[in-house]
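Asks: Based on what follows, work out the 3D shape:
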Amino acid sequence: MRLALRELRRRPGRFAAAGLILFLLSVLVVFLTGLAAGLNANTDGVLTTQRADLVVYSAVAEDQLAQSLVTADVRAAVEGVDGVAATGSLAIQQLGARLPDRDDRDLVDVVVAGFELPIEGADAPPVPGTGLADATLRERGVRTGTTVALGPARTPIEVVGYVDGAGFQGQGSLWVGPTTLTDLVAANAPGDARPPGAAQAVVVDVADGADPAGVAAAVDEATGSTSTLTTEEAAAAVPDIGGGVIQQIIGLTLVIAVAVTALFFALLTAERVGLYGVLKAIGARTRTLLAGVVAQAAVLAAIGAGLAVAAALAFDAAVPPDAVPFELTARSVVLTLAALLGAAIAGAGLSVRRVARIDPARAIGAST
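Replies: Sure, this is the predicted structure:
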């Protein structure tokens with residue numbers, strides 16, 4: 001392995017083509033990963049930010065929050081089911097927001113979410129007339145103390161905090177208490193007003209020791225008019241706006257990385273048949289030679305991936321947050337680097353048969 005790394009250091013030109021291709025593939029994978037994460041974080045955040053175990057929709061809503069309506073009597077039936085510890089309303093309303101430092105005609109689309117039970121980043125709804133801004137709105141200039149004017153009536157809502165990763169369908173969100181949302185709808189979209197006590201969904205905290213799946217089935221049986229999902233299932237049911245397709249492209253790119261690495265090291269192995277023959281003749285084992293090939297591939301992949309991450313971080317810092325839904329997290333970066341490294345090692349490993357079949361005598365004779 002030391003010989004392989006020494007060759008990589010002393011003859012970098014031999015590996016330049018493979019290094020460049022792996023770098024370009026790494027750039028593609030890292031940027032696609034950031035784009036997919038940005039789209040997903042701003043697609044189902046209204047549901048993934050819920051701490052509750054279950055989400056109850058009306059049966060005719062096809063598991064979509066915007067199409068659902070759960071009335072007060074149905075909620076009462078949910079509360080009477082064994083295993084239900086607490087319930088809370090969840091409703092959304094899309095409105096245009098005017099920011100203090102923007103022209104009145106420059107509206108920002110906002111999904112106003114009304115909630116009761118604790119969510120990630122908030123143990124309780126804010127007081128009436130105030131709200132918690134999603135990170136997307138914070139990146140657009142909304143700060144604590146900013147008052148945004150919502151809807152045609154320009155209803156003022158003061159931002160008193162933030163909730164991260166809580167967007168919905170590509171739009172930023174503003175989280176308010178149920179009373180505030182009711183007043184907003186009445187003032188700005190009276191046609192969307194819901195009956196007293198009704199909400200688009202009811203979120204459920206399951207009692208300790210109870211099985212969420214069993215409680216969900218019991219809720220639907222008790223009401224006869226609901227479709228109850230776990231929070232994860234509800235988030236997965238949100239229509240994809242591109243993140244899934246991007247994940248497929250990432251998978252295909254990793255397959256290409258395997259193929260490219262395999263082709264390059266197969267050609268490199270063919271060039272070094274004589275060298276491998278000599279090394280085998282003096283006692284080098286096949287696995288030792290293969291370890292050197294894998295080490296070279298791993299170093300090239302690590303350098304390419306590192307440069308790609310640096311380029312992605314520079315891009316993220318340079319591009320306005322509201323221009324591209326791009327998000328790099330430590331977890332996504334680590335997983336991407338591991339996938340790229342694995343692809344390069346897998347590609348290099350495909351040369352093991354060629355290395356194993358090298359006959360020292362014939363290889364040395366062919367090279368002289």
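
Asks: State the pLDDT value of Ile249.
Replies: According to the predicted model, the pLDDT of Ile249 comes to 83.

Asks: Tell me which stretches of this structure form strands.
Replies: 54-58, 84-98, 108-115, 130-134, 147-150, 155-163, 172-176, 201-206, 226-230 (DSSP state E).

Asks: okay, the ones you listed in JSON lines with mean pLDDT, distance to Phe15 and mean neighbour count next?
Replies: Yep, even glycine has a C-beta here, placed from its N, CA and C like the rest. Output for the strands of the chain, formatted as JSON lines (pLDDT from 0 to 100; distance: least, Cβ to Cβ, whole Å; neighbours: other Cβ atoms under 10 Å):
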{"stretch": "strand 54-58", "mean pLDDT": "97", "distance to Phe15": "52", "mean neighbour count": "25"}
{"stretch": "strand 84-98", "mean pLDDT": "94", "distance to Phe15": "53", "mean neighbour count": "21"}
{"stretch": "strand 108-115", "mean pLDDT": "92", "distance to Phe15": "49", "mean neighbour count": "23"}
{"stretch": "strand 130-134", "mean pLDDT": "93", "distance to Phe15": "45", "mean neighbour count": "26"}
{"stretch": "strand 147-150", "mean pLDDT": "94", "distance to Phe15": "54", "mean neighbour count": "19"}
{"stretch": "strand 155-163", "mean pLDDT": "93", "distance to Phe15": "46", "mean neighbour count": "18"}
{"stretch": "strand 172-176", "mean pLDDT": "92", "distance to Phe15": "45", "mean neighbour count": "27"}
{"stretch": "strand 201-206", "mean pLDDT": "97", "distance to Phe15": "55", "mean neighbour count": "26"}
{"stretch": "strand 226-230", "mean pLDDT": "96", "distance to Phe15": "49", "mean neighbour count": "22"}
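
Asks: Format those as TSV; extra columns: distance to Val299.
Replies: Output for the strands of the chain, formatted as TSV (distance: least, Cβ to Cβ, whole Å):
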stretch	distance to Val299
strand 54-58	48
strand 84-98	49
strand 108-115	46
strand 130-134	41
strand 147-150	51
strand 155-163	41
strand 172-176	42
strand 201-206	49
strand 226-230	44
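
Asks: Verify the contact between Leu350 and Leu263 for me.
Replies: No. Contact criterion Cβ atoms under 8 Å: Leu350 and Leu263 do not qualify, at 9.1 Å.

Asks: ok, residues contacting stretch 207-219?
Replies: Contacts of stretch 207-219 with the rest of the structure, by Cβ atoms under 8 Å, 6 or more residues apart in numbering, involve 53-54, 56, 78, 81-85, 204, 206, 226, 228-230.

Asks: any idea which of those is closest to Gly197?
Replies: Of all the contacts of stretch 207-219, Gly197 sits closest to Val78, with 12.4 Å by Cβ to Cβ.

Asks: give the contact list for that closest one.
Replies: Shown in contact with Val78 (Cβ under 8 Å, 6+ apart): Val56, Val70, Val84, Thr87, Val202, Val204, Val219, Ala222, Thr223, Thr226.

Asks: could I get those residues as a markdown table with distance to Thr33?
Replies: Formatted as a markdown table, the contacts of Val78 follow (distance: Cβ to Cβ, whole Å):
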| residue | distance to Thr33 |
| --- | --- |
| Val56 | 34 |
| Val70 | 37 |
| Val84 | 39 |
| Thr87 | 37 |
| Val202 | 35 |
| Val204 | 34 |
| Val219 | 37 |
| Ala222 | 43 |
| Thr223 | 41 |
| Thr226 | 37 |
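
Asks: Of these, which is the nearest to Pro12?
Replies: Closest approach to Pro12 among those (Cβ to Cβ): Val204, at 60.2 Å.

Asks: what about the closest residue in space to the closest one that isn't next to it in sequence, distance to Ile92?
Replies: Nearest non-adjacent residue to Val204, counting by Cβ to Cβ, 6 or more residues apart in numbering: Leu54, 4.0 Å away. Counting by Cβ to Cβ, to the nearest Å, the separation of Leu54 from Ile92 is 18 Å.

Asks: counting contacts, what elements does the helix ranked longest in the chain pack onto?
Replies: Secondary structure of the chain per DSSP state H: the longest helix is helix 286-318. On a contact count with 3 or more Cβ pairs under 8 Å, 6 or more residues apart in numbering; DSSP states H and E, helix 286-318 meets helix 2-10, helix 16-41, helix 243-271, helix 273-281, helix 330-349, helix 352-356.

Asks: Report the mean per-residue pLDDT for it.
Replies: For helix 286-318, mean pLDDT is 82.

Asks: sorry, back to before: from the contacts of stretch 207-219, pick the one nearest Ser332.
Replies: Nearest to Ser332, judged by Cβ to Cβ, of the contacts of stretch 207-219 is Thr230 at 23.6 Å.

Asks: I'd say the closest one and Ala52 touch.
Replies: No. Using Cβ under 8 Å, Thr230 is not in contact with Ala52; the gap is 9.7 Å.

Asks: need the helices and strands packed on helix 286-318 in a markdown table with mean neighbour count, can you?
Replies: Shown next, in a markdown table, are these (neighbours: other Cβ atoms under 10 Å):
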| stretch | mean neighbour count |
| --- | --- |
| helix 2-10 | 13 |
| helix 16-41 | 21 |
| helix 243-271 | 17 |
| helix 273-281 | 18 |
| helix 330-349 | 18 |
| helix 352-356 | 15 |
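
Asks: And those: which comes nearest Ala133?
Replies: helix 16-41 (14.8 Å).

Asks: from the chain's centre, how far out does that closest one sit?
Replies: What separates the centre of helix 16-41 from the centre of its chain is 15 Å, taken as Cα atoms, centre = their mean, to the nearest Å.

Asks: ok, now stretch 86-97?
Replies: 23 Å.

Asks: any weak-confidence spans in this protein?
Replies: Flagging of the chain using pLDDT under 70 yields the residue ranges 1-4, 7, 40-41, 240-244, 269-284, 286, 320-323, 351-368.
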